[in-house]
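Novice: From the sequence below, what's the structure:
(one chain, ligands or ions: 2)
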Amino acid sequence: MKKLEGKVALVTGSGRGIGRSVALKLAGDGARVVVNDLDAGPAEEVVAEIRAAGGEAVACVGSVTAVDFAERFVKTAVDNFGGIDIIVNNAGYTWDNVIQKMSDEQWYAIIDCHLTAPFRILRAAQPVISALAKQEAAEGRVVNRKVVNISSIAAGGNAGQANYSSAKAGILGMTKSLSKEWGRYNVNVNAVAFGHIDTRMTQALAGDASKTVSIEGREIKVGIQPAAIAASNQLCPLGRPGTPDEAAGSVYLFCIPESNFVSGQVLVCGGGFGNV
Ligand SMILES: NC(=O)C1=CN([C@@H]2O[C@H](COP(=O)(O)OP(=O)(O)OC[C@H]3O[C@@H](n4cnc5c(N)ncnc54)[C@H](O)[C@@H]3O)[C@@H](O)[C@H]2O)C=CC1
Ligand SMILES: CC(C)c1ccc(C(=O)O)c(O)c1O
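Specialist: Ligands and ions are numbered 1, 2, ... in the order given. You can find the predicted model right below:
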């Protein structure tokens, strides 16, 4: 018996990187997944991958920052799969600069994506979750649901990331508050704070090359200089970045029944480096 058989999981930013690995991992253990990404192609590919492996998935394409996104995301889960069991707030990117060079646009774009969007998604999910919990209580059943918010070791502070570290610290506060509000619905609300995971966002740049990705019409610089990666590896007891599959493994721990009495906690997944 698969541990997540029949569960309905919503994973933002799951067209690539860590989110993609989370979607595949949850689906591989029986969950039906709503795959979200800003980019339709990668989202549809993950849906196809899950279906090809015998699983169930549907795409909900669009930016988590769109004002109507949260309601659409929740509706997609309810219309296609009849409920919500797991929410992983993962979508994101970095847009770094030292504070004197950080524009309001840059500040709000990152706060909106990493903090306001998860808030709206969880707010939109509340009526569905409370109704299901009420129905289950009337039937004498206890069903644990799971929220996993994705944070970063940058929540502890990182030069050049005032916007990102504020958002990633903020979501830890939201995680702890919601764990107290939603215990009554049997929802475990936890966070995973990643250290360096090897993805598009943190890809190694060749030489002094710079790379950009297009996020909502903006060309955003991504990638890390090899010297910074070497320094990060040196600080990390395991001496290397994590893989997206390893990152997904730590999210999975908060999604399975074995963690049913763990709530309001932050798991650092950083190869031994970092605390928040
Ligand atoms: N890679 C790393 O070292 C670390 C990553 N994280 C966090 O992990 C999460 C996933 O990042 P990665 O997998 O590394 O990046 P990635 O770039 O490989 O994947 C992120 C995905 O999110 C999507 N996305 C970005 N903005 C979106 C939006 N507004 N709406 C919907 N989808 C959106 C992108 O299109 C992309 O497919 C992010 O929240 C990031 O901040 C945290 C700590 C370290
Ligand atoms: C590799 C560097 C140190 C690093 C690690 C983690 C993040 C993150 O939390 O997003 C970064 O943005 C990094 O640049």
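Novice: Where is the longest helix in this protein?
Specialist: Of all the segments of type helix in the chain, defined by DSSP state H, the longest one is helix 117-138.
Novice: Beyond it, next helix or strand please.
Specialist: Moving toward the C-terminus from helix 117-138, the first helix or strand encountered (DSSP states H and E) is strand 145-152.
Novice: That following strand and ligand 2, any residue contact?
Specialist: Yes. Applying CB under 6 Å from any ligand atom, one finds strand 145-152 touching ligand 2 at Ser152. Any C-beta I mention is one placed from the backbone N, CA and C, and that applies to glycine too.
Novice: for the closest residue to ligand 2 within the chain, what are its contacts?
Specialist: Nearest residue of the chain to ligand 2, counting by CB to the nearest ligand atom: Ser152, 3.2 Å away. Shown in contact with Ser152 (CB atoms under 8 Å, 6 or more residues apart in numbering): Tyr164, Ser165, Lys168, Ala193, Phe194, Gly195.
Novice: Tell me which residues of the longest helix of the chain come out buried.
Specialist: Within helix 117-138, the residues scored as buried using 16 or more other CB atoms under 10 Å are 117-122, 124-126, 128-129, 132-133.
Novice: Could you identify the most distant pair in those?
Specialist: Spanning the widest gap among the buried residues of helix 117-138 are Ala117 and Ala133, at 23.7 Å by CB to CB.
Novice: Pretty sure Tyr270 sits against Gly195.
Specialist: Just to correct that, residue 270 is Gly rather than Tyr. Yes. With contact defined as CB atoms under 8 Å, Gly270 counts as touching Gly195 (2.4 Å).
Novice: Enumerate the residues of this protein near ligand 2.
Specialist: When proximity is defined as CB under 6 Å from any ligand atom, the chain approaches ligand 2 at Thr94, Ser152, Ala154, His196, Thr202, Ile224, Ser232.
Novice: Now find how far off-centre stretch 134-145 is within its chain.
Specialist: 26 Å (CA atoms, centre = their mean, to the nearest Å).
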